[in-house]
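1. Below are the sequence and a predicted model; questions follow.
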Amino acid sequence: MDFSNLNDYDRKQMERLIEEKQMRDFMRMYSNLVDRCFDNCVNDFSTKTVTSKENTCVNRCVEKFMKLSERASARFAEQNAQLNQEMQQQQQQQRK
Amino acid sequence: ELDMITTLFNNILDSCHKKCIQTNYSEGDLNKGEQVCIDRCVAKYFDVNTKVGLQLQKMEKVTTRK
């Protein structure tokens, strides 16, 4: 996705769209995370307040997810780069 | 294209979390087992993603020929 050949106006449009998309993605991730951590951690309804055990669990849940996201993102980038490389090689071979 | 990539990534996060992360949350860090699982999960998911695409292409050719 190369934006260098778009004019200023189009480029700003694209940037705005991407920003909006990132906002939406973040909100989606946030609500999924809340859902997941609540499902896994909160099971004691004998009290209205969140217990300290549940609190710790939720903190770990978030931390773990963020670390997962970081690691998966690194691996994802590697896989993507590898795939692009393979596709380029295939294209070169087809041209011969 | 950007949508496809972010959807793919979010699906990877979701699936690999279900398959790899123990839900007892005994600690905040990823343990070694989880780390290895995540690495393999991402690689395999990517692979399956490509394979499904190829298979769909193949099936499309078969159905359009009829």
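-> Noted; the coordinates are in hand.

2. C-alpha from now on. contacts and neighbour counts both.
-> Fine.

3. and B:Val36, how many residues sit next to it?
-> 12 (other Cα atoms under 10 Å in any protein chain shown).

4. Please name the residues that touch it.
-> With contacts taken as Cα atoms under 8 Å, 6 or more residues apart in numbering or on different chains, B:Val36 has no neighbouring residues.

5. How about the backbone phi and psi for it?
-> With angles defined as degrees, to the nearest 10, B:Val36 sits at phi -60, psi -40.

6. and the gap between it and chain A?
-> Applying Cα to the nearest Cα, to the nearest Å, the value for B:Val36 to chain A is 10 Å.

7. Near chain B, which residues of chain A are found?
-> Within chain A, the residues that sit near chain B (Cα under 8 Å from any Cα of the partner chain) are A:40, A:57, A:59-65, A:67-69, A:71-73, A:75-76, A:79.

8. Would you write a PyMOL line that selects the buried entries of these?
-> The following PyMOL line selects those of those that are buried, judged by 16 or more other Cα atoms under 10 Å in any protein chain shown:
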select buried, chain A and resi 40+57+60+61+62+63+64+65+67+68+69+71+72+73+75+76+79
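
9. As a check, name the ranges of all helices in chain B.
-> Applying DSSP state H to chain B gives helices spanning B:2-20, B:32-65.

10. returning to that earlier point: filter the residues of chain A next to chain B down to the ones in strands?
-> Nothing among these maps onto strands, per DSSP state E.

11. before we move on, back to that, looking at the helices of chain B, which is buried most?
-> Stretch with highest mean neighbour count among the helices of chain B: helix B:2-20 (a mean of 16; mean count of other Cα atoms under 10 Å in any protein chain shown).

12. Dump the helices of chain B into CSV; add mean pLDDT and distance to A:Ser31 as well.
-> Formatted as CSV, the helices of chain B follow (pLDDT from 0 to 100; distance: least, Cα to Cα, whole Å):
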stretch, mean pLDDT, distance to A:Ser31
helix B:2-20, 90, 13
helix B:32-65, 91, 22
